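**Q** following is a predicted model, sequence given first.
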Amino acid sequence: MSDYNQMWSELGLDLEAHDVLLSVLGDAYQNIFMTQKNRPEGMKYFDFVMGEVHGLRIKELIDAKVQGRKVIGSYCVFVPEELILAVDSISVGLCAGAEFNFEGAEQVLPRNICALIKSAFGFKLGRVCPYIEACDLVVGENTCDGKKKAYEVLSSYIKDLYIIDLPQTKSNTGKMLLKGEYLKFIAKLEEISGKKITYENFKKAIDIVNAKRKAVLRLAELRKATPVPISGLDSLLINQIFFYDDPVRFTNSVNALCDELEERIKKGEGVFPEGTVRVIISGCPMAVPNWKVPYIVETSGTAIVGEESCVGERGTRWLTETKNSTTVEDLLENITDRYFKIDCAIFTPNPSRLDHIKEMFEKYYAKGIIHYNLQFCQPYIIESGPVEADLENNNIPTLRLETDYSQEDINQLKTRIEAFIERIKG
Ligand code: BJ8
């Protein structure tokens, strides 16, 4: 990656700290992903993307900027990629999943804030994230209290930070608020890109994102097979890369992988022996390189067959309708309909999330649910109590975990996960 030093330096990265980050990331990747047995050939593309996540992909962003395109970063699946693509800009995810420069983050944020927020600040303040430094606009959103208030602090460090307000209830008023916010966001995007949203470019953007979501949903469907043709770790990785890669290239690569997985299924080939216990992970999103819990689960002889998460099906399961639409207004209405269905725990009440967990449990032939909470994430921790009670009442074994990005609790997590697996093995 040393060829990129000049590019990183021009972006203002702290090269020394960045080298440390890349080396830790590279080692973790080798140990976690490359030691898996019998991985599909199609994963080579995603290994390459990860190998170049701070290199070639950033170069592509810089080259696009030279051509006049804008790079827009965001932290939440409520920020529609379709709107960004419609003004010929590039959408990148900025959530971070590593314990890096938490000391720096804790100088401006309370210690007891979730690791996802702390990590995003650690990356920004430590100047190790080329994505945020390449952004022309960073978009925050009023979701949980932690993010909402942290963006106020972040605005001192980011030249152009735009906030989308989000509803907290699934009511008509909530939906109108969301639509109004998307309308304002369109105005902001048009201003920054100098391009107008038309029916044609909007529809084309929706088609691109629908195709991308269809591809990951196709991958999800294939995980129903026994033996499961791809590991949960690799599937999570693909769902993480979803937020960084060129959307069309990503879609083609996921579809090529799915073709291969279909062949594997026909031949009865899988990554775990037949009869391996299957679980669903549900809860807080896992941003790159947060692979701790899936790694423990899958190295304990269990297959993860689905993620009820924003880096997973919660973020991808709905497509945007385009049939019978003829105007920008129609498409905006359909985009609002699509995003309003996302069942994040910031909504109150939020019953459809529980329904979705149960649906996934059945659909993927799981034996249990692992509810993953990040410490201090109030929406998901609070929701996890009633979720667990309801699932257990319906004879769905559930394990509630609460953790952060440190490695200190690995043994304790392993013990609890192994005990849970013993329970659900029956
Ligand atoms: S739509 S889940 S991506 S807000 S883990 S920062 S909730 S304290 S990430 Fe999210 Fe959008 Fe919802 Fe999805 Fe707050 Fe919890 Fe931290 Fe979280």
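**A** Good, I have the coordinates. Numbers count the residues shown, from 1 in each chain.

**Q** which residue would you name as the spatial centre of this structure?
**A** With distances taken as CA atoms, centre = their mean, the residue of the chain nearest its centroid is residue 311 (3.0 Å).

**Q** that one should be in a helix, yeah?
**A** No. Going by DSSP: H, G, I helix; E, B strand; the rest coil, the assignment for residue 311 is coil, not a helix.

**Q** what about residue 414, how many neighbours?
**A** 15 (other CB atoms under 10 Å). In short, each C-beta sits where N, CA and C put it, glycine included.

**Q** switch to numbering from 111
**A** Understood, numbering begins at 111; the last thing we discussed is residue 524.

**Q** so it touches residue 412, yeah?
**A** No. Using CB atoms under 8 Å, residue 524 is not in contact with residue 412, being 11.6 Å away.

**Q** about what we covered before: how close does the residue nearest to the centre of the chain sit to residue 226?
**A** Relative to residue 226, residue 421 is positioned 11 Å away (criterion: CB to CB, to the nearest Å).

**Q** identify the contacts common to the two.
**A** By CB atoms under 8 Å, 6 or more residues apart in numbering, residue 421 and residue 226 have these common neighbours: 395, 397.

**Q** what's downstream of whichever helix or strand residue 301 is part of, the next helix or strand?
**A** Here residue 301 is covered by helix 282-303, with elements defined by DSSP states H and E. Using DSSP H and E, the helix or strand that follows helix 282-303 in sequence is helix 309-332.

**Q** put the alpha carbons of that next one into CSV.
**A** Extracted in CSV, the C-alpha atoms of helix 309-332 (Å, rounded to 0.1, in the frame of the first residue of the first chain):
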residue,chain,number,x,y,z
TYR,A,309,-37.1,11.7,-13.3
GLU,A,310,-34.5,9.9,-15.5
ASN,A,311,-31.5,10.2,-13.3
PHE,A,312,-33.6,9.5,-10.2
LYS,A,313,-35.1,6.4,-11.7
LYS,A,314,-31.7,5.1,-12.9
ALA,A,315,-30.3,5.6,-9.4
ILE,A,316,-33.2,3.7,-7.9
ASP,A,317,-32.6,0.8,-10.4
ILE,A,318,-28.9,0.7,-9.5
VAL,A,319,-29.6,0.5,-5.7
ASN,A,320,-32.5,-1.9,-6.2
ALA,A,321,-30.2,-4.2,-8.1
LYS,A,322,-27.6,-4.0,-5.4
ARG,A,323,-30.1,-4.9,-2.7
LYS,A,324,-31.5,-7.7,-4.9
ALA,A,325,-28.1,-9.2,-5.1
VAL,A,326,-27.5,-9.3,-1.4
LEU,A,327,-31.0,-10.6,-0.8
ARG,A,328,-30.2,-13.3,-3.3
LEU,A,329,-27.1,-14.2,-1.3
ALA,A,330,-29.2,-14.2,1.9
GLU,A,331,-31.7,-16.7,0.3
LEU,A,332,-28.9,-19.1,-0.6
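
**Q** and it, what's buried?
**A** Within helix 309-332, the residues that count as buried by 16 or more other CB atoms under 10 Å are 311-313, 315-316, 318-323, 325-330, 332.

**Q** ditto for stretch 402-416
**A** Those would be 402-408, 410, 412-416, for stretch 402-416 by 16+ other CB under 10 Å.

**Q** one more: stretch 137-157?
**A** 138, 139, 142, 143, 146, 149, 150, 152, 153, 155, 156.

**Q** what do you get for stretch 260-271?
**A** Quick answer for stretch 260-271 (16+ other CB under 10 Å): 260, 261, 264, 268, 271.

**Q** next: stretch 519-533.
**A** For stretch 519-533, burial by neighbour count (16+ other CB under 10 Å) applies to 523, 526, 527, 530, 531.

**Q** residues in contact with the third one?
**A** Same thing as residue 527. Counted by CB under 8 Å, 6+ apart, residue 527 has contacts 403, 406, 407, 410, 412, 480, 509, 511.
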